[in-house]
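Trainee: sequence and predicted structure, then a few things I'm wondering about:
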Amino acid sequence: MPIVESLMTSLVQKYGKVEAENVYYAMEASGRGPFAKGAKYHSLHLAFAEKHGLPPVSDVHRRTPTRRKKR
């Protein structure tokens, strides 16, 4: 059962029970949303990563460089 009940309740209203659980646990595992670095529930992401022997996700999102058109 998820720890952040208010988040889970809003996800159930939006997606339904099964999809809401998928979305919740995906956010927790990937460190996104309220589980991101600096967010309120980041400690839950760290606990998840430690429990499963995974490295915590860093807050740096690498973007592929966009190429400019040559004139």
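Mentor: Structure received. Computed from a prediction, not measured in an experiment: that's the story for all the values here.
Trainee: what sits against Ala26?
Mentor: Counting by CB atoms under 8 Å, 6 or more residues apart in numbering, Ala26 makes contact with Arg32. The way it works is simple: take the backbone N, C-alpha and C, and place the C-beta from them, glycine included.
Trainee: any idea which helix or strand carries it?
Mentor: helix 17-30 (DSSP states H and E).
Trainee: show me what secondary structure element comes after that helix.
Mentor: helix 42-51.
Trainee: quick one: that following helix to helix 17-30, angle?
Mentor: 80 degrees (axes from the mean of the first three to the mean of the last three CA atoms, to 10 degrees).
Trainee: just give me how far helix 42-51 sits from the chain centre.
Mentor: 11 Å (CA atoms, centre = their mean, to the nearest Å).
Trainee: in it, what counts as buried?
Mentor: 42, 44-45, 48-49 (16 or more other CB atoms under 10 Å).
Trainee: among the residues you listed, which one sits closest to Phe35?
Mentor: His45 (4.0 Å; CB to CB).
Trainee: apart from its neighbours in sequence, what residue is nearest the closest one?
Mentor: Once flanking residues are discounted, His45 sits nearest to Phe35: 4.0 Å by CB to CB, 6 or more residues apart in numbering.
Trainee: and the one you found, what's its pLDDT?
Mentor: Phe35 carries a pLDDT value of 89.
Trainee: now do the one 4 residues further on
Mentor: Per-residue pLDDT puts Ala39 at 88.
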